[in-house]
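Participant: Next come a sequence and a model predicted from it.
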Amino acid sequence: MIRRLAHEPLGFRPTTLHITVRRYRCDGCAHVWRQDTTAAAEPKAKVSRRALRWALEALVMQHLTVARIAEALGVRWNTANDAVLAEGKRVLIDDPTRFDGVTAIGVDEHVWRHTRRGDKYVTVIIDLTPLRAGTGPARLLDMVEGRSKKVFKTWLAERDQDWQDGIDVVAMDGFTGFKTAAEDEVPRRWRSWIPST
């Protein structure tokens with residue numbers, strides 16, 4: 001059996017990875033199983049792991065649209081979008097060490113979709129620690145759907161107490177909802193406020 005996966009494009013020309021999947025059968029019990037191909041891609045995936053990495057880097061670093069990524073991979077828009085979202089969640093959001101060493105955070109809202117019924121917002125939380133220490137750029141910690149005191153307060157409450165105790169700077173604009181959420185969750189004695197510009 002041949003398994004075909006959309007693979008990292010050559011330039012922007014789609015390439016397909018062909019994997020021969022060996023099938024094994026036990027003569028004694030007649031049990032049948034196939035060769036493990038999870039090193040190349042998740043089970044039932046249509047996109048290889050290397051193509052997922054390429055797509056995530058293209059979206060984040062090169063600011064390509066999902067439509068352009070789908071075209072380069074030779075897959076449908078939904079396939080590319082689902083794959084990029086899943087890979088982004090796995091690499092960025094599901095990383096348990098992403099909160100380690102954070103002492104300064106920034107929070108702001110962002111319109112991620114304009115609709116006829118109103119704009120859709122996300123609350124964006126970034127780690128300002130590297131910027132503050134002069135060791136590198138700020139980095140994304142999380143994006144949470146919605147824009148309110150409750151959204152930010154809930155996000156802060158989900159962090160453990162040791163993490164909250166380590167935060168000594170919260171940068172934000174003048175939105176009072178974010179300020180009161182941080183006042184409720186981050187210990188007063190360690191907190192200083194820097195309005196973001």
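Facilitator: Arrived safely. Everything numeric here is computed off the predicted structure, so don't read it as measured data. Numbers count the residues shown, from 1 in each chain.
Participant: Using CSV, write down the CA coordinates of stretch 10-22.
Facilitator: Taking Å, rounded to 0.1, in the frame of the first residue of the first chain, the C-alpha atoms of stretch 10-22 are listed here in CSV:
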residue,chain,number,x,y,z
LEU,A,10,10.0,22.8,-3.6
GLY,A,11,10.0,26.6,-4.0
PHE,A,12,6.2,27.0,-4.1
ARG,A,13,5.6,23.9,-6.2
PRO,A,14,3.6,21.2,-4.4
THR,A,15,5.4,17.9,-3.7
THR,A,16,3.9,14.6,-2.6
LEU,A,17,5.7,12.2,-0.3
HIS,A,18,5.0,8.5,-1.3
ILE,A,19,5.5,6.0,1.5
THR,A,20,5.3,2.3,1.0
VAL,A,21,3.4,1.0,4.0
ARG,A,22,4.3,-2.7,4.6
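Participant: What segments of this protein are helices?
Facilitator: 49-60, 66-73, 77-88, 129-133, 149-158, 161-166, 176-185 (DSSP state H).
Participant: Okay, and the beta partners of the residue nearest to residue 2 when sequence neighbours are not counted?
Facilitator: Spatially, and ignoring its direct neighbours in sequence, residue 2 is nearest to residue 18 (5.5 Å; C-beta to C-beta, 6 or more residues apart in numbering). Where you see a C-beta, it was placed from the backbone N, CA and C, and this is true even at glycine. For residue 18, the beta-bridge partners are residue 4 (DSSP bridges).
Participant: what do you get for the one 5 residues further on?
Facilitator: According to DSSP bridges, the partner residues bridging residue 23 are residue 34.
Participant: Let me know whether it touches residue 37 as I believe.
Facilitator: No. Counting by C-beta atoms under 8 Å, residue 23 does not reach residue 37; the two are 12.0 Å apart.
Participant: Show me which of these two is the more surrounded one.
Facilitator: residue 37 (17 against 9; other C-beta atoms under 10 Å).
Participant: For the more buried one, which residues are in contact?
Facilitator: 3, 19, 21 (C-beta atoms under 8 Å, 6 or more residues apart in numbering).
Participant: let's go with 6 Å and repeat that
Facilitator: Under the criterion of C-beta atoms under 6 Å, 6 or more residues apart in numbering, the neighbours of residue 37 are 19, 21.
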